[in-house]
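Chemist: Coordinates for the following, if possible.
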Amino acid sequence: MAELSPITIIGGGLAGCEAAIQAARRGLPVRLYEMRPRVSTPAHRTDGLAELVCSNSLRSDEPTTAAGLLKEELRHLGSAVISSADATRIPAGSALAVDRAAFSRTLTEWIAGEPGIEVVREEVREVPAKGVVIVASGPLTSDPLSDDLAALFGRKNLAFYDAISPIVEAETLDMSRLFRASRYGKGEDYLNAPMTREEYTAFYNALVSAEVVPERPFEKIPYFEGCMPIEVMAARGVDTLRFGPMKPVGLVDPRTNKRPYAVVQLRPESRSASLYNIVGFQTKLTYPEQRRVFRMIPGLEKTEFARLGSLHRNTFVCAPAILGETLQTKARGTLFLAGQITGVEGYVESAAMGWVAGVNAARLSLKEPLIVPPAATVIGSMVGHLTRSALESFQPMNAAFGLLPSLLQPVSDREARRNALIARARADMARWQAEAGVLPRLLGARTRERA
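Modeler: Numbering: from 1, shown residues only. Below is the predicted model of the structure:
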């Protein structure tokens, strides 16, 4: 049998480490490039692999949540990241929180102990032209590599910051306070939350006085008109929002037959309309403040947020234009993407995409059929979000039940519906693992590192 060529992985974060271990467990030699400590980033503080820079929490571990069910799936798939998190867990209620230093050290040691993985401490400034390659360079991808990716995919398909509006779960909206319509009667794609002058004034005052997330030194984000935080717009004057994202022109409330004083529009975020985006509400408000202020919008008083808004530095591609379901790029079948650069949000979601890319890169090298997780699983729904979203409205997402396909038999009770989605996801995952032979692989013993 001919000697197999190494898989090149760029980036030693959670996605890169997951991809490297998955590929190595399947017998492939791996060359994992991490530019630290030779080249640092504004966010990292150590030279350890898989350093957590924003939080030590990997969010809920309850299997009744999408984040918790995703972790359950990854445990069944033999995820190295989740194994490391479980090994370094610290008390945090129902959340999976870790000792940051121990988490990074554990994964670094596992990488060093995996036969066939060579860790190379060098900056990769351009994507290698030959061989199987996984780019998992993360949200702080260096400028030279970003430029090379832009040349490969087109600059319009590469974003350098997130301008994200909150997303709410449709089943938690009070539909009695909303009406369906598009401006000037052109369709009924939007839900509309009408506001009286008094409601608008109270909302405005709460918004301009709410606490915002401090900007970090490396996040000097240009506030273009199209992505300006709603609180920054509001600070320009009390009526700015009424002539911007909350303008009521072209809309008539069918219950009053009058134009509202102001309107908040919600756009379907998923094909099943189980999630809605609050249009134009990208924000730097803290998460607790977003929940408090945005629940002042009529119809959203008891809403649950599938994702909260943000505006921050984040290099990611327009995945529906770039990626196939195996996480291969459409332009080059031997080039895979993994982690946040694909357009997912969150540590665990990044690791999950690292699992998919690592397994498929190995299978491609071994000339085996590539695999796609079932759409009704959480990991499969994330792949679906990346590859089947509308190009013009694609934004990064965390795991959310609203991304899962609708049930064949509708269930009206929210808890029963969620339980049915969980049961279906578990059954599909078990069936897929058995049919595709996707079984956890054990860790191996020691390799070498070139300084």
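
Chemist: switch to C-alpha atoms for all contacts and neighbour counts from now on
Modeler: Fine.

Chemist: Verify the stated contact: L403 with L386.
Modeler: No. Using Cα atoms under 8 Å, L403 is not in contact with L386, being 10.7 Å away.

Chemist: how many neighbours does the closest residue to F281 other than its chain neighbours have?
Modeler: Excluding the flanking residues, the one nearest F281 by Cα to Cα, 6 or more residues apart in numbering is S165, at 4.8 Å. For S165, the neighbour count with other Cα atoms under 10 Å is 23.

Chemist: go on, A206?
Modeler: A206 has 17 nearby residues by other Cα under 10 Å.

Chemist: who's in contact with it?
Modeler: Contacts for A206 (Cα atoms under 8 Å, 6 or more residues apart in numbering) come out as V293.

Chemist: That one and V356, how far apart?
Modeler: Counting by Cα to Cα, to the nearest Å, the gap from A206 to V356 is 43 Å.

Chemist: Repeat that for H76.
Modeler: The separation that H76 has from V356, given Cα to Cα, amounts to 14 Å.

Chemist: and what of N192?
Modeler: Remark: distance between N192 and V356 (Cα to Cα) = 38 Å.

Chemist: With E109 instead?
Modeler: According to Cα to Cα, E109 and V356 sit 22 Å apart.

Chemist: Return the distance of the lengthiest helix in the chain from the chain's centre.
Modeler: In terms of residue count, the longest helix belonging to the chain (DSSP state H) is helix 414-436. From the chain centre to the centre of helix 414-436 is a distance of 21 Å (Cα atoms, centre = their mean, to the nearest Å).

Chemist: Show me where the stretch 1-150 of the chain has its strands.
Modeler: Counting by DSSP state E, counting those that start in this stretch, one finds strands in the stretch 1-150 of the chain at the ranges 7-10, 30-33, 57-60, 89-90, 95-98, 117-120, 133-135.

Chemist: I'd like these written out as JSON lines, with mean neighbour count, distance to V264 and mean pLDDT added.
Modeler: Listed next are the strands of the stretch 1-150 of the chain as JSON lines, based on neighbours: other Cα atoms under 10 Å; distance: least, Cα to Cα, whole Å; pLDDT from 0 to 100:
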{"stretch": "strand 7-10", "mean neighbour count": "28", "distance to V264": "42", "mean pLDDT": "98"}
{"stretch": "strand 30-33", "mean neighbour count": "24", "distance to V264": "46", "mean pLDDT": "96"}
{"stretch": "strand 57-60", "mean neighbour count": "19", "distance to V264": "29", "mean pLDDT": "86"}
{"stretch": "strand 89-90", "mean neighbour count": "18", "distance to V264": "41", "mean pLDDT": "88"}
{"stretch": "strand 95-98", "mean neighbour count": "21", "distance to V264": "33", "mean pLDDT": "86"}
{"stretch": "strand 117-120", "mean neighbour count": "22", "distance to V264": "50", "mean pLDDT": "95"}
{"stretch": "strand 133-135", "mean neighbour count": "27", "distance to V264": "39", "mean pLDDT": "98"}
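
Chemist: now those strands as CSV including distance to V279?
Modeler: What follows is those, written out as CSV (distance: least, Cα to Cα, whole Å):
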stretch, distance to V279
strand 7-10, 35
strand 30-33, 39
strand 57-60, 26
strand 89-90, 38
strand 95-98, 30
strand 117-120, 44
strand 133-135, 32
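
Chemist: was I right about A50 contacting C17?
Modeler: Yes. Shown here, A50 and C17 form a contact pair, counting by Cα under 8 Å, at 6.9 Å.

Chemist: Just the pLDDT at Q433, thanks.
Modeler: Looking at Q433, its pLDDT reads 94.

Chemist: Which residue is the nearest non-sequential neighbour of it?
Modeler: That would be L439: by Cα to Cα, 6+ apart, it lies 6.4 Å from Q433.

Chemist: Sticking with the one you found, tell me its helix or strand.
Modeler: Counting by DSSP states H and E, no helix or strand carries L439.

Chemist: Let me see the contact set for the residue nearest to M228 when sequence neighbours are not counted.
Modeler: In this structure, M228 finds its nearest non-sequential neighbour in Q282, 7.0 Å apart by Cα to Cα, 6+ apart. The neighbours of Q282, taking Cα under 8 Å, 6+ apart as the test, are 163-166, 227-230, 309-311.

Chemist: re the thing from before, E109 and V356: which has the busier surroundings?
Modeler: V356 (28 against 14).

Chemist: Wait, the more buried one touches E325, no?
Modeler: No. The pair V356 / E325 is not scored as a contact, 9.4 Å apart, by Cα under 8 Å.

Chemist: got any residues that touch both of these two?
Modeler: Joint contacts of V356 and E325 (Cα under 8 Å, 6+ apart) are V372.

Chemist: Could I get the full set of strands for the stretch 201-350 of the chain?
Modeler: Going by DSSP E, counting those that start in this stretch, the stretch 201-350 of the chain shows strands at 262-268, 275-278, 305-307, 310-317, 335-337.

Chemist: Distance from the last one to the middle of the chain?
Modeler: Relative to the centre of its chain, strand 335-337 is centred 17 Å away, using Cα atoms, centre = their mean.

Chemist: now do the longest one
Modeler: The chain centroid and the centroid of strand 310-317 are separated by 10 Å under Cα atoms, centre = their mean.

Chemist: In terms of secondary structure, what does that strand contact?
Modeler: When contacts are defined as 3 or more Cα pairs under 8 Å, 6 or more residues apart in numbering; DSSP states H and E, strand 310-317 packs onto strand 158-164.

Chemist: Give the rounded mean pLDDT of the strand it packs on.
Modeler: Mean predicted lDDT for strand 158-164 stands at 72.

Chemist: Kindly report the same for stretch 366-379.
Modeler: Taken as a whole, stretch 366-379 has an average pLDDT of 97.

Chemist: quick one: terminal-to-terminal distance for it?
Modeler: Distance across stretch 366-379, first residue to last, is 23 Å (Cα to Cα).
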